[in-house]
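Undergrad: with the input below, show me the fold.
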Amino acid sequence: MHLIDTHTHLDFPDFDADRTAVLARSRAQGVEKLVVLGVYQANWQRLWDLVQAEDDLYAAFGLHPVYLDQHQPAHLHELHDWLQRLAGQPKLCAVGEFGLDYFLEQLDRSQQQQLFEAQLRLAMELELPALLHVRRAHAATIATLKRLKPARGGIIHAFSGSLEEAREYIKLGFKLGLGGAPTWPQALRLRKVVAQLPLEALVLETDSPDMAPAMYPNQRNSPEYLPAICAALAELRGISPDELAEASSQNARTLFGWP
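TA: Residues are numbered from 1 along each chain as shown. Just a heads-up that it's a prediction; the model follows:
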């Protein structure tokens, strides 16, 4: 089985004690590439150092809406300069993680929208995919994507919307990231949607250390759990794990321009 984890936070301190061992176990399980996403200005250098040290790690950089209060106006300019300096580097694969979060009511929606659009325009300028955080904000996200029309598309991380919303994202050139959430039996609506999504639109992810799957409850999530997530989602769709792994990995390679 050949797997690509399209969304991890392997640079987080949660992995400081055993990051090398986690990577070794993940590779042994068939996880051959991992995308590590920056979420605020202070972790970009740490993340870049990490992916430079490991052959199968790739980087994306962004300003995550959950950290809205930490982001300074200068950080957007720094992100622009940072990405321009790294443009053309094979280890840089996307802009992200950024987007809209309407679940946390304390986050100002107008500020979020400005930051979202600025980063989306930056992804378009540099012709990079956009890796998007969308939580209870599908209508606003879809409206923005329809207006700005990013040619490279990207991934809707941890997709949890409706089948109709999925179709809108797919028409806009986006893949749908699936991880631990639909492995939980109580996620009835999401599981029903996942079973109906077109295979050519799916990519697999863990969001480690967050969003642990049902088979590893109440613990740190890890890229090494991606095969188990793949098997659970394949069963949900009535196909083999190998078929889902092959399709999702090919979808990721196509999106990121990897051979």
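Undergrad: distance from the chain centre to stretch 140-148, please.
TA: 18 Å (CA atoms, centre = their mean, to the nearest Å).
Undergrad: list the buried ones in that stretch?
TA: Ala140, Thr141, Ile142, Thr144, Leu145 (16 or more other CB atoms under 10 Å). All C-beta atoms are positioned from the backbone trio N, CA, C, and that covers glycine.
Undergrad: with secondary structure, distance to Arg237 and pLDDT added, can I get those residues in JSON lines?
TA: Converted to JSON lines, the buried residues of stretch 140-148 look like this (DSSP: H, G, I helix; E, B strand; the rest coil; distance: CB to CB, whole Å; pLDDT from 0 to 100):
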{"residue": "Ala140", "secondary structure": "helix", "distance to Arg237": "29", "pLDDT": "98"}
{"residue": "Thr141", "secondary structure": "helix", "distance to Arg237": "25", "pLDDT": "98"}
{"residue": "Ile142", "secondary structure": "helix", "distance to Arg237": "24", "pLDDT": "98"}
{"residue": "Thr144", "secondary structure": "helix", "distance to Arg237": "30", "pLDDT": "98"}
{"residue": "Leu145", "secondary structure": "helix", "distance to Arg237": "26", "pLDDT": "98"}
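Undergrad: quick one: which of these is nearest Ala195?
TA: Closest approach to Ala195 among the buried residues of stretch 140-148 (CB to CB): Ile142, at 21.9 Å.
Undergrad: so what's the closest one up against?
TA: Glu165, Glu168, Tyr169, Leu172 (CB atoms under 8 Å, 6 or more residues apart in numbering).
Undergrad: longest helix anywhere in the protein?
TA: helix 109-126 (DSSP state H).
Undergrad: what is the subsequent helix or strand relative to that helix?
TA: strand 130-135 (DSSP states H and E).
Undergrad: between that next one and helix 109-126, how big is the angle?
TA: 160 degrees (axes from the mean of the first three to the mean of the last three CA atoms, to 10 degrees).
Undergrad: next one: strand 130-135 to chain centre, how far?
TA: 7 Å.
Undergrad: quick one: list the elements packing against it.
TA: When contacts are defined as 3 or more CB pairs under 8 Å, 6 or more residues apart in numbering; DSSP states H and E, strand 130-135 sits against strand 92-101, helix 109-126, strand 154-157.
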